[in-house]
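A.B. asks: Make a model of this:
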Amino acid sequence: MAVTLFAGIVMTTWQAVRATRAEKSAYEEAKLASRLLYVAHMNLAQAAWENSRVGGVLDLLKQHEPQPDEEDLHGFEWHYWDRLCHSSLLDLKGHSGPVTSVAFSPDGKRLASASRDPSKIPFAPGEVKVWDAMSGQETLTLKGHTAPVNCVAFSADGKRLASASGSPSVKNKLGEVKVWDATTGEGLLTLKGHGQGVTSVAFSADGKRLASASHDQTVKVWDATSGQETLTLKGHSDVVRSVAFSPDGKRLASGSYDQAVKVWDAQPRSQDSTQ
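C.D. replies: Residues are numbered from 1 along each chain as shown. Model (predicted):
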């Protein structure tokens, strides 16, 4: 009986030791696999960062956030990529669709943003928001466009804000430019004349004129007080994507998908001019 009892104790002890070793081995193997996966993901994070895929970096980092009962495997590299992904001074969230344009006020105290809100409805009316550029607080939401808002620009004195909207060809979504009081959000002007969506707007330095570029391949210049169209500039053979006044307001530059930059005489003349 003593021999049998002793043999039973030895067998039980041996099985317990074996089970403990197997459990420890499995734990070490799982830990090694987690570590190898972590290293692989950190290498992928570097590649994603180099290709400007910040969302991909954040997804990889999230996979290695430790649970309360898990060992923290984070090394320097995890904190490094996390810090790079969150290096902005402010994150302004309030739009429900893609943000298409941003502009600081001349004094740097405000920031305007244009968007295609909401993103799940194609060609839905967009919005313009104005933010406190120091605190990030939203101060105005400007609604009134009937199509996605493509661009936004402050006047040189910061008192007015221009925004432009429209799609390339959707019926009833033709391009329009709106001018707002940048302090109160009151709508001051609605400028209609482009046959398709407006892609860019710019005030002249003196604030008296406003230029707009469009999918309809034209550039228009408007009286920024009355809203009267003073010039239509034709010459591009594709979408005009950008427009800017010279500092003295005498010339106007436009850039197009036709791979050309054109410089125009911005002085008012005939209603329909061709460069």
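
A.B. asks: Next, work out how far apart W264 and P98 are.
C.D. replies: Look at W264 and P98: by C-beta to C-beta, to the nearest Å, they are 31 Å apart. Glycine gets a C-beta too; all of them are placed from N, C-alpha and C.

A.B. asks: Same check on A153?
C.D. replies: Distance from A153 to P98, counting by C-beta to C-beta: 18 Å.

A.B. asks: residues contacting A156?
C.D. replies: Shown in contact with A156 (C-beta atoms under 8 Å, 6 or more residues apart in numbering): P106, F203, A205, D206, G207.

A.B. asks: switch to 10 Å and redo it
C.D. replies: Residues near A156 by C-beta atoms under 10 Å, 6 or more residues apart in numbering: P106, F203, S204, A205, D206, G207, F245.

A.B. asks: repeat for L142
C.D. replies: 112, 114, 126-130, 149, 152, 161, 163, 178, 180-182, 185-187.

A.B. asks: redo that, cut-off 8 Å
C.D. replies: E127, V128, K129, V130, L161, S163, K178, W180, G185, G187.

A.B. asks: Now, of these, which are buried?
C.D. replies: E127, V128, K129, V130, L161, S163, K178, W180, G185 (16 or more other C-beta atoms under 10 Å).

A.B. asks: so, if you compare those, which one comes nearest to L84?
C.D. replies: K129 (26.6 Å; C-beta to C-beta).

A.B. asks: Can you classify the closest one by secondary structure?
C.D. replies: Following DSSP: H, G, I helix; E, B strand; the rest coil, the label given to K129 is strand.

A.B. asks: Now do the same contact list for it.
C.D. replies: L92, G94, H95, A112, S113, S115, E138, L140, T141, L142.

A.B. asks: Export these to a markdown table and append columns for secondary structure.
C.D. replies: Shown next, in a markdown table, are these (three-state DSSP):
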| residue | secondary structure |
| --- | --- |
| L92 | coil |
| G94 | coil |
| H95 | coil |
| A112 | strand |
| S113 | strand |
| S115 | strand |
| E138 | strand |
| L140 | strand |
| T141 | strand |
| L142 | strand |
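
A.B. asks: Now, of these, which are buried?
C.D. replies: With neighbours counted by 16+ other C-beta under 10 Å, the contacts of K129 contain buried members at L92, H95, A112, S113, S115, L140, L142.

A.B. asks: ok, the last one to L161 distance?
C.D. replies: Meaning L142. For L142, the distance to L161 - C-beta to C-beta - is 8 Å.

A.B. asks: middle-most residue in the protein, spatially?
C.D. replies: Closest to where the C-alpha atoms of the chain average out (C-alpha atoms, centre = their mean) is V99, at 4.6 Å.

A.B. asks: What residues are bridge-paired with that residue?
C.D. replies: Partner residues in beta bridges with V99, using DSSP bridges, are S115.

A.B. asks: try A162
C.D. replies: A153, V179.

A.B. asks: Going along the chain, name the strands of the stretch 51-200 of the chain.
C.D. replies: Per DSSP state E, counting those that start in this stretch, the stretch 51-200 of the chain carries strands over the ranges 99-104, 110-115, 127-132, 138-143, 149-154, 160-165, 176-181, 187-192, 198-203.

A.B. asks: and H74, which of those is closest to it?
C.D. replies: strand 99-104 (31.6 Å).

A.B. asks: for the stretch 51-200 of the chain, what are the low-confidence residue spans?
C.D. replies: 70-71, 73, 117-123, 168-173 (pLDDT under 70).

A.B. asks: Quick check, pLDDT for A260.
C.D. replies: We have a pLDDT of 96 for A260.

A.B. asks: Please identify the helix or strand for the closest residue to it other than its chain neighbours.
C.D. replies: Nearest residue to A260 in three dimensions, chain neighbours excluded: H236, at 6.7 Å (C-beta to C-beta, 6 or more residues apart in numbering). Using DSSP states H and E, H236 maps to neither a helix nor a strand.

A.B. asks: H236 and Q259 touch, don't they?
C.D. replies: No - counting by C-beta atoms under 8 Å, H236 stays clear of Q259, with 10.0 Å between them.
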